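*Asks:* Need a 3D model of the following:
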Amino acid sequence: MPLPSIKDQFAALIATPSVSCTQPHWDQSNRAVIELLAAWLGDLGFTCEIQEVSPGKANLLATYGSGPGGLVLAGHSDTVPFDAALWQSDPLRLSEQDDRWVGLGVCDMKGFFPLVIEAVRGLIDQPFKQPLLILATCDEESSMAGARALADAGRPIGRAAVIGEPTGLKPVRLHKGVMMDRIDILGQSGHSSDPTLGRSALEAMHDAMGVLRSLRGQWQAEYNNPQFSVPQPTLNLGCIHGGDNPNRICGQCSLEFDLRPLPGMDPEVLRAAIRSKLQPLAEQHRVQIDYAPLFAEVPPFEQGADSELVRLAEKLTGHVAQSVAFGTEAPYFQRLGCETIVLGPGDIDCAHQPGEFLELARIEPMLGILRQLIQHYCLKSQGA
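*Replies:* I've put the predicted structure just below:
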């Protein structure tokens, strides 16, 4: 069967749901996406290995050529949840609007894989002196479980790694860390006509959110790094769940939030500060407060400005490598010995939004960059 066109690959991937989410009712398997990619890359001659991470969740390691060194082109196969009612088109159907392809994952970041396949298919008949590894991970949008599994396995994967997250065709060598934490408050339900019959978890959570907002202001006054477009640490109150009826005192409430520390901010010190503020609230409201990470934190990332990969990416793109406020899987690839950058064609401003898009004008420039990266790391002798 002939390999589908680049547009048909985009369409097939967008039409294959693979949401990862901290909320179980949203969370989905990514196996169908992994199997699509494995079929296409297998037809091109890649050796495909599917790494089971957890039930329904898997990574794909597709290798062309052999030996040490080489290039890793990496991305995640999952997407965030979506609000279908807020989209002007079907989020799971690729559409073209105003010289853009629109659909869930075109930018962040299923669309990177058809671009990689298109770039390599024109070079596949040349002798590869170093291997090319195309890597698709699971659960980047939630737990980073796929990248963690790779790092924990400890197997060297390449000399250089490029992660195709949306950076507007500009190389990124620096980003913040990511912490996702949860506060659970257990009070006592009761009839709303008499406040003494219960202990409101929702009112206690209101004060807990005030604590988090106060700490956010304190940290933003204390920490600043001008290398970032958002130079302060951020704290986002992401989702809250509690109670069941207006005429019942709320007996249970949960909050999940996201904290993005700058390099130099210790996650455990930040968590200790939060705990110290929550304990008095528990006593004041006579409730139980449990606070813990949802997942292990993602470390901050920095690749040296003078590294071979950064210098090459700056030459190919015409842009000095920069920093971003969002987190990626880059620190895990560094743990495996790869020089690592983040470089992709999309715009982060439209990621996680209704109407997510990829500018068609970005496709050819990205293909050119990918082909030159493959030529440098795979078709030339190592060190050339």
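
*Asks:* quick one, strands of the stretch 51-200 of the chain?
*Replies:* 57-64, 71-76, 95-97, 100-102, 132-137, 160-163, 172-175, 179-186, 190-191 (DSSP state E, counting those that start in this stretch).

*Asks:* Among those strands, which comes closest to A361?
*Replies:* Nearest to A361, of all those, is strand 100-102, at 9.1 Å by CB to CB. The C-beta positions use only the backbone N, C-alpha and C, and glycine is treated the same way.

*Asks:* Walk me through which strands that closest one pairs with, and which way each runs.
*Replies:* Applying DSSP bridges, strand 100-102 is found paired with strand 95-97 (antiparallel), strand 357-359 (antiparallel).

*Asks:* Give me the buried stretch members for the first one, please.
*Replies:* Buried residues in strand 95-97, defined by neighbour count with 16 or more other CB atoms under 10 Å: S95.

*Asks:* Provide the contact partners of it at residue level.
*Replies:* With contact meaning CB atoms under 8 Å, 6 or more residues apart in numbering, strand 95-97 is reached by S89, W101, V102, G103, F357, L360.

*Asks:* Please repeat the previous calculation with a cut-off of 6 Å.
*Replies:* Applying CB atoms under 6 Å, 6 or more residues apart in numbering, the contact partners of strand 95-97 are S89, V102.

*Asks:* and what of the last one?
*Replies:* Strand 357-359 has contacts (CB under 6 Å, 6+ apart) with R100, W101, V102, V106, C107, G111, G346, C350.

*Asks:* Repeat the analysis, applying 8 Å as the threshold.
*Replies:* Contacts for strand 357-359 (CB under 8 Å, 6+ apart): Q97, D99, R100, W101, V102, V106, C107, G111, P345, G346, D347, C350.

*Asks:* ditto for stretch 37-44
*Replies:* 1, 3-4, 9, 13, 48, 50, 60, 62, 64, 77, 113, 117, 120-121, 124, 134, 136.

*Asks:* circling back to that earlier point, possible to save the strands paired with strand 100-102 as a markdown table with distance to D266 and mean pLDDT?
*Replies:* Below are those laid out as a markdown table (distance: least, CB to CB, whole Å; pLDDT from 0 to 100):
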| stretch | distance to D266 | mean pLDDT |
| --- | --- | --- |
| strand 95-97 | 45 | 97 |
| strand 357-359 | 37 | 98 |
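
*Asks:* I'd like the ones you listed laid out as CSV, including distance to Q227.
*Replies:* Converted to CSV, these look like this (distance: least, CB to CB, whole Å):
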stretch, distance to Q227
strand 95-97, 35
strand 357-359, 26
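
*Asks:* now for the ones you listed, which one comes closest to E35?
*Replies:* Evaluated with CB to CB, these place strand 357-359 nearest to E35, the distance being 23.3 Å.

*Asks:* Following element in sequence after the closest one, please.
*Replies:* Later in the chain than strand 357-359, the nearest helix or strand by DSSP states H and E is helix 363-374.

*Asks:* for that following helix, packing partners?
*Replies:* In terms of contacts (3 or more CB pairs under 8 Å, 6 or more residues apart in numbering; DSSP states H and E), helix 363-374 is packed against strand 71-76, helix 112-121, helix 308-317.

*Asks:* Apply 6 Å and report the result again.
*Replies:* helix 112-121 (3 or more CB pairs under 6 Å, 6 or more residues apart in numbering; DSSP states H and E).

*Asks:* Reformat the strands of the stretch 51-200 of the chain as TSV; add distance to F301.
*Replies:* Shown next, in TSV, are the strands of the stretch 51-200 of the chain (distance: least, CB to CB, whole Å):
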stretch	distance to F301
strand 57-64	19
strand 71-76	13
strand 95-97	34
strand 100-102	28
strand 132-137	15
strand 160-163	10
strand 172-175	5
strand 179-186	14
strand 190-191	48
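
*Asks:* closest to E364 out of those?
*Replies:* Of these, the one closest to E364 (CB to CB) turns out to be strand 100-102, at 13.6 Å.

*Asks:* if we can go back for a sec, from the contacts of stretch 37-44, list just the buried residues.
*Replies:* 4, 9, 13, 48, 50, 60, 62, 64, 77, 113, 117, 120, 134, 136.

*Asks:* With adjacent residues omitted, what lies nearest to the fourth one?
*Replies:* What that stands for is C48. Nearest in space to C48, with sequence neighbours left out and distances taken as CB to CB, 6 or more residues apart in numbering, is A38 at 4.3 Å.

*Asks:* Okay, angle between whichever strand or helix holds that neighbour and helix 112-121 too, please.
*Replies:* Using DSSP H and E, A38 maps to helix 31-43. Interaxial angle of helix 31-43 relative to helix 112-121 (axes from the mean of the first three to the mean of the last three CA atoms, to 10 degrees): 0 degrees.

*Asks:* buried stuff in helix 31-43?
*Replies:* R31, A32, V33, I34, L36, L37, A38, W40, L41.

*Asks:* so where is the stretch 251-384 of the chain shaky, pLDDT-wise?
*Replies:* The stretch 251-384 of the chain contains residues with pLDDT under 70 at 381-384.

*Asks:* can you map out the helices along it?
*Replies:* Secondary structure of the stretch 251-384 of the chain (DSSP state H, counting those that start in this stretch): helices located at 267-285, 308-317, 330-335, 363-374.
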